[in-house]
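Asker: mind folding the following:
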Amino acid sequence: MEIQLSSEIISQIPKFKLGVIEYKDITVGDSPQMVKGRLQLFQESIYFDLENKNLTELPGIQEWRSIFKTFGKDPNRYRPSVEALYRKVEKQNYLTTVQSAIDINNFFSLQYQVPIGIYDSNQLEGPITIKVAEAGEEYLGLNRRMNSLENLIVSADKLGPFGSPFVDSNRAPVTEATKNALQIIYLKPSTAVKNAERLTESLMKMFTQIHGGDASYYIVGGD
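Answerer: As a prediction, the model looks like this:
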């Protein structure tokens with residue numbers, strides 16, 4: 001599926017980049033015990049690491065808060081999704097397992113300190129553009145609220161925005177019925193392209209180990 005960055009994003013943040021993974025013929029279900037255990041242990045480790053730290057000073061969260069500010073969105077009101085995850089862990093409100101695709105998404109989002117979205121490809125109509133939303137654009141999110149998207153970075157297809165590093169819409173969620181999926185890693189702009197490729201491939205390999213199917217990845221944007 002063709003994905004491109006808007007000229008506005010490139011001009012404001014020249015090093016903006018995404019890791020993109022396309023999955024075919026996957027099987028989504030209950031997470032294996034190994035994934036459940038790793039997710040729980042990792043959250044406990046993060047909790048203890050945060051005891052003497054300011055959460056907003058973590059590199060990934062700091063960079064994504066800065067990106068929100070660059071485009072005129074207050075990160076204290078509209079937090080990057082990865083920061084929302086970390087705040088839950090900080091309060092020991094640990095993430096419980098949902099299903100295998102969401103659990104892997106959350107695990108790697110915490111590990112990389114970046115927002116990650118995963119979408120049912122069959123619910124999307126390409127091409128996809130990563131852009132800054134205009135006034136009046138909104139969607140019903142997975143947070144069950146109607147979300148104003150103005151000045152937020154969004155992923156949009158022919159039907160309009162469906163995802164964001166803030167919160168995704170309820171239009172194309174991955175469920176246990178999903179067979180084909182698109183995963184977007186909203187990388188830190190400071191990440192070198194080789195490192196971006198390495199972490200994107202790492203996520204793809206773990207995902208396919210659990211879900212089967214075929215997958216390919218690529219980086220959009222760069223230095």
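
Asker: rest of the way, CA atoms for contacts and neighbours
Answerer: Will do.

Asker: now the farthest one out in the protein, which residue is it?
Answerer: Most distant residue from the mean C-alpha position of the chain: residue 52, 26.5 Å away (Cα atoms, centre = their mean).

Asker: roughly how far apart are that residue and residue 79?
Answerer: Remark: distance between residue 52 and residue 79 (Cα to Cα, to the nearest Å) = 21 Å.

Asker: in this structure, which spans are helices?
Answerer: Taking DSSP state H as the test, the helices found in the chain are 7-12, 33-49, 59-70, 81-90, 100-112, 193-211.

Asker: geometric centre of this structure: which residue is closest?
Answerer: Mean-position check on the chain, Cα atoms, centre = their mean. Result residue 116 at 1.2 Å.

Asker: and the gap between that residue and residue 167?
Answerer: 10 Å.

Asker: buried stuff in stretch 204-219?
Answerer: 204, 207, 208, 210, 211, 212, 215, 217, 219 (16 or more other Cα atoms under 10 Å).

Asker: where does this protein have low pLDDT?
Answerer: 223 (pLDDT under 70).

Asker: and if we set it to 90?
Answerer: Across the chain, the ranges flagged by pLDDT under 90 are 1-2, 51-53, 57, 77, 126, 144, 222-223.

Asker: on that earlier part again, including distance to residue 176, could the helices of the chain go into TSV?
Answerer: Converted to TSV, the helices of the chain look like this (distance: least, Cα to Cα, whole Å):
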stretch	distance to residue 176
helix 7-12	34
helix 33-49	17
helix 59-70	30
helix 81-90	22
helix 100-112	9
helix 193-211	11
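
Asker: which of these sits closest to residue 160?
Answerer: Each of the helices of the chain has some distance to residue 160 by Cα to Cα; the shortest is helix 7-12, at 17.4 Å.
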